[in-house]
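Asks: what's the 3D shape of this:
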Amino acid sequence: MAIFGKSRTDEKAPGTGLFSRLHAKLSATRQGLARELGDLLLGERALDEALFDELEARLLSADLGVELTRELLDTLAQRVARKELANASSLYRALRQLLLEIIQPCAAPLIISSSVSSSVRPFCIMVIGVNGAGKTTSIGKMLRQIRLEGRSVVVAAADTFRAAAIEQLEVWAERESVPVIKQPIGADAASVAHDGLHAARARQADVLIIDTAGRLQTQSGLMDELKKIKRVLQRVQPGAPHEVLLVLDAGVGQNALSQLRHFHEAVEVTGLCVTKLDGTARGGVLFALCRNARLPIRYIGVGEDATDLRPFDAAEFVDALLPEAP
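Replies: Below you'll find the model as predicted:
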């Protein structure tokens, strides 16, 4: 099996290789979570009610959400009551381990069989999400990774709502010599997806990626459009789309959960791509997503470069975001 978008090394020590770059890219996010927790929990403070009150405020401000924050605090309080935790540093280590256990099951890179049969080809990826989440940019980075793996790919510009979306997609595709299937602005998005699937099959392409519109998730028209795209794909190729990838902007915090709920109800999301973690996003939303949705996180976006779309590695993420206590 080949990991789609795989770019791993064994370099895990801070200051070297990919880990070092991820650590640097997450600096702003880390300041919003690790620094606050470190200032609170790496000293010699007593494990009292005042500390837990401050910890609650900081976890909420880091976008973990009320439900998950309460769950974590209850678990930690129980361990303190059993005398398992002796000081603030041990509390920090326990919290770090709990967070890792929450997101570890969601670390699942997108995998495509290394020998896609002609009956399955192309592997069809439908990319969804609201405007501004980073769908088209993420697709562009995926194109680079697919091509580096030696796979052939076709992209369908089914966001017929915005001319800029098609133009942006064409720029990315031109860089990688990837054909773009498109129709005029205002055309039926499902028709574009239909043409894209037929074109990919005619070219015997390994992968088809479908970009979709991203108007507000509460607009029923958008959800109906996405449902139609999925129905049309399934009529042409049973089993398609093989992946429904929802792109979420980490900076929107708990609103990401609302977006996921609406999209999942419409088209059954199979994987997540969480973007803009290099900005001011506090990072806690990843833990909330894993606890509430339990869907695979395929990628995280940590910058503008083509290499800044990373397969999600839970241990690497926690190591970069919440370093081990001294």
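
Asks: could you find the closest non-adjacent residue to residue 153?
Replies: With Cβ to Cβ, 6 or more residues apart in numbering as the measure, residue 207 is the residue that lies nearest to residue 153, at 4.3 Å, once sequence neighbours are left out. C-beta coordinates here come from the backbone N, C-alpha and C atoms, glycine included.

Asks: how close does that neighbour sit to residue 124?
Replies: Plainly put, residue 207 is 8 Å away from residue 124 if you go by Cβ to Cβ, to the nearest Å.

Asks: any common contacting residues for these two?
Replies: In the contact map built from Cβ atoms under 8 Å, 6 or more residues apart in numbering, the residues linked to both residue 207 and residue 124 are residue 200.

Asks: determine the number of other residues adjacent to residue 79.
Replies: Other residues within reach of residue 79, judged by other Cβ atoms under 10 Å, total 16.

Asks: ok, it touching residue 85?
Replies: Yes. A contact is recorded between residue 79 and residue 85 when judged using Cβ atoms under 8 Å, the distance being 5.1 Å.

Asks: what touches both of the two?
Replies: residue 94.

Asks: from the chain's centroid, how far away is stretch 159-173?
Replies: Centroid displacement of stretch 159-173 relative to its chain, using Cα atoms, centre = their mean, to the nearest Å, is 21 Å.

Asks: what are the buried residues along that stretch?
Replies: Buried positions in stretch 159-173, judged by neighbour count with 16 or more other Cβ atoms under 10 Å: 159, 160, 161, 165, 166, 168, 169, 172, 173.

Asks: how about the second one, what does it touch?
Replies: Neighbouring residues of residue 160 by Cβ under 8 Å, 6+ apart: 166, 183, 184, 185, 186, 187, 188, 189, 192, 213.

Asks: element containing the residue sitting nearest the centre point of the chain, please.
Replies: Residue closest to the mean C-alpha point of the chain, counted by Cα atoms, centre = their mean, is residue 273 at 2.0 Å. For residue 273, the host element (DSSP states H and E) is strand 271-275.

Asks: hmm, who's touching the very next helix or strand once past that strand?
Replies: Secondary structure here is assigned by DSSP H and E; on that basis, the next helix or strand after strand 271-275 toward the C-terminus is helix 284-293. Around helix 284-293, the neighbours that count as contacts under Cβ under 8 Å, 6+ apart are 33, 59, 62-65, 67-68, 71, 99, 102-103, 105-106, 248, 250, 252-254, 256-257, 260, 264, 272, 274, 295, 297, 300, 317.
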